[in-house]
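Next comes the sequence, and after it the predicted model I'd like to discuss.
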Amino acid sequence: MSDGVVTAASGPVVEGSALPFACVDDEGRGTHEKVVKKQAIRCSLSRICGVCGETLTRPVAFVGTPDEALDGEFAFPPCHVACARQVAADPRQRLGHAEQPHRWVLVSTAGFDLVRPARRGDPVWFRPNSVLERETL
Ligand SMILES: [Zn+2]
């Protein structure tokens, strides 16, 4: 078993920590550094948490790098505030990034838009509208 921080992440354990829901493909596989696009779109359209895979509640949280927070565009799908805090506290979680950032930033919002890529094959992005709170974790 893992001695990592226990989180709400619902996927199989990879590199010592359970994969977030959004990083697991249809075959039940994935990596911490890549968000599965199909899952990201599913999270958005079905309003489900990118970490635990359960129905979202308000406010919705986005967690990402300081640059993502600055740009207002996140690679990782929306999640529960509690789930966002849990994964951010786990040093093994990367939430679709090649490396864990020095600091995660959590943004809570009442709503968001899914930004589809201009080019086929590029990742989708999430843009929170009306930022309620911004917090460096
Ligand atoms: Zn959740």
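Everything's here; your move. These figures come from a predicted structure and were not determined experimentally. Residues are numbered from 1 along each chain as shown.

C-alpha only now, for contacts and for neighbours.
Fine.

Just the residues contacting stretch 37-53, thanks.
Under the contact criterion Cα atoms under 8 Å, 6 or more residues apart in numbering, stretch 37-53 has outside partners 8-10, 19-25, 54-56, 76-80, 83-84, 87, 114, 123-124.

Now that stretch: buried residues?
Within stretch 37-53, the residues that qualify as buried are 37, 39-44, 47-53, counting by 16 or more other Cα atoms under 10 Å.

With secondary structure and distance to residue 29 as added columns, please give those in CSV.
What follows is the buried residues of stretch 37-53, written out as CSV (DSSP: H, G, I helix; E, B strand; the rest coil; distance: Cα to Cα, whole Å):
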residue, secondary structure, distance to residue 29
37, helix, 13
39, helix, 12
40, helix, 15
41, helix, 17
42, helix, 17
43, helix, 17
44, helix, 20
47, coil, 22
48, strand, 19
49, coil, 18
50, coil, 15
51, coil, 15
52, coil, 15
53, coil, 15
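
Just the buried ones from the contacts of stretch 37-53, in ChimeraX syntax?
The ChimeraX command for the buried members of the contacts of stretch 37-53 (criterion: 16+ other Cα under 10 Å) is given here:
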select :8,9,10,19,20,21,22,23,24,25,54,56,76,77,78,79,80,83,84,87,114,123,124
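
Filtering the contacts of stretch 37-53 by proximity to the ion, which remain?
By Cα under 5 Å from the ion, the members of these lying near the ion are 80, 83.

ranges for the helices of the chain?
Counting by DSSP state H, the chain has helices at residues 37-46, 66-71, 81-89.

In terms of secondary structure, what does the last one contact?
Yep, that's helix 81-89 we're talking about. strand 60-64, strand 105-115 (3 or more Cα pairs under 8 Å, 6 or more residues apart in numbering; DSSP states H and E).

Next, work out how far apart the nearest residue to residue 29 once chain neighbours are set aside and residue 20 are.
Closest residue to residue 29 apart from its sequence neighbours, by Cα to Cα, 6 or more residues apart in numbering: residue 12 at 7.5 Å. Using Cα to Cα, to the nearest Å, one gets 9 Å for the distance from residue 12 to residue 20.
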